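[1] Have a look at this prediction, sequence included:
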Amino acid sequence: MPLPIEPGTAFAARVEQHLDHDRIAWLVTVDADGTPQPSPIWFLRDADSILIFSRPDTGKVRNIAVRPRVAIHFNGDNNGGDIVVLTGLAALAPDAPPANAIPEYLEKYRAGLLDIGMTPDSFAAEYSAAIRIVPERIRGH
């Protein structure tokens, strides 16, 4: 399924830039009482979905299991511009390879892993819950 956006537009180019180059995004899940729960995430564009890894015992994993509708938003330009928000469905992805088996993920976050004192193997062991998000709508300005 292609991304739900008109290709070839300036907005599409900005979306592609965020998906392909941003290192941090914000995943918003909803908890049991309906409160939005934003979490900073590392992510990888995986064809027309977004792949993230989480510790399996987190609120975001529990929230997604019951309420799979999520939002991902990227940091703007600090002046209210370059806003991109994706909404869609998230699900655990047990078929996804572990983070340490994805060269693009390791390349993107090699410095981040060092910053948090982890190796690719220790990260994959601790952040073993793969989550795939399929965007259904993209908005912004």
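    Arrived safely. Numbers count the residues shown, from 1 in each chain.
[2] Please state the offset of the helix or strand bottoming out on mean pLDDT in the chain from the chain centre?
    Lowest by mean pLDDT, DSSP states H and E among the helices and strands of the chain is helix 10-21, with a mean of 90. Relative to the mean C-alpha coordinate of its chain, helix 10-21 is positioned 14 Å out (Cα atoms, centre = their mean, to the nearest Å).
[3] For that helix, which helices and strands make contact with it?
    strand 84-92, strand 129-140 (3 or more Cβ pairs under 8 Å, 6 or more residues apart in numbering; DSSP states H and E). Bear in mind the C-beta positions are built from the backbone N, C-alpha and C, glycine included.
[4] Format those as a markdown table; extra columns: distance to D31, mean pLDDT and mean neighbour count.
    Conversion of the helices and strands packed on helix 10-21 to a markdown table gives the following (distance: least, Cβ to Cβ, whole Å; pLDDT from 0 to 100; neighbours: other Cβ atoms under 10 Å):
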| stretch | distance to D31 | mean pLDDT | mean neighbour count |
| --- | --- | --- | --- |
| strand 84-92 | 14 | 97 | 19 |
| strand 129-140 | 16 | 95 | 19 |
